[in-house]
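> the following block contains a protein sequence and its predicted model.
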Amino acid sequence: MGRLLDSRAWDSSICPSDVARAVAPDDWRPLMEPVRRAARRLVARGEVEITQGGSVVDPSTAKGPIRIRRPRS
């Protein structure tokens, strides 16, 4: 996730599918939940935020599409 975020503008976000496709372009769908779990761990460490509709959400309760971004100050 870090490399993908580093390759984007500072205020950009990424989709979990971007991460999964970077790892396994031809079979990325099974990786979606592991990517979401990894994002939750990074949230717990303060390294990323998870958003929906541009607003930060609690990763333990987020349902549906999410985005991952660097924390905003």
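Here it is on my side, so go on.
> which residues in the chain form strands?
Assigned by DSSP state E, the strands in the chain fall at 13-14, 49-52, 55-56, 67-69.
> then the lengthiest helix in the chain to CSV, C-alphas only?
For the chain, the helix with the greatest residue count under DSSP state H is helix 32-44. Extracted in CSV, the C-alpha atoms of helix 32-44 (Å, rounded to 0.1, in the frame of the first residue of the first chain):
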residue,chain,number,x,y,z
MET,A,32,-9.7,-8.0,-1.4
GLU,A,33,-10.5,-9.0,2.2
PRO,A,34,-6.8,-9.5,3.0
VAL,A,35,-6.1,-6.0,1.7
ARG,A,36,-8.9,-4.6,3.8
ARG,A,37,-7.5,-6.4,6.9
ALA,A,38,-4.1,-5.0,6.2
ALA,A,39,-5.5,-1.5,5.8
ARG,A,40,-7.3,-1.8,9.2
ARG,A,41,-3.9,-2.8,10.8
LEU,A,42,-2.3,0.3,9.2
VAL,A,43,-5.2,2.5,10.6
ALA,A,44,-4.5,1.1,14.1
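> how about it: buried residues?
Going by neighbour count (16 or more other CB atoms under 10 Å), the buried part of helix 32-44 is Val35, Arg36, Ala38, Ala39, Arg40, Leu42, Val43. Using the backbone N, CA and C atoms, a C-beta is placed for each residue, glycine as well.
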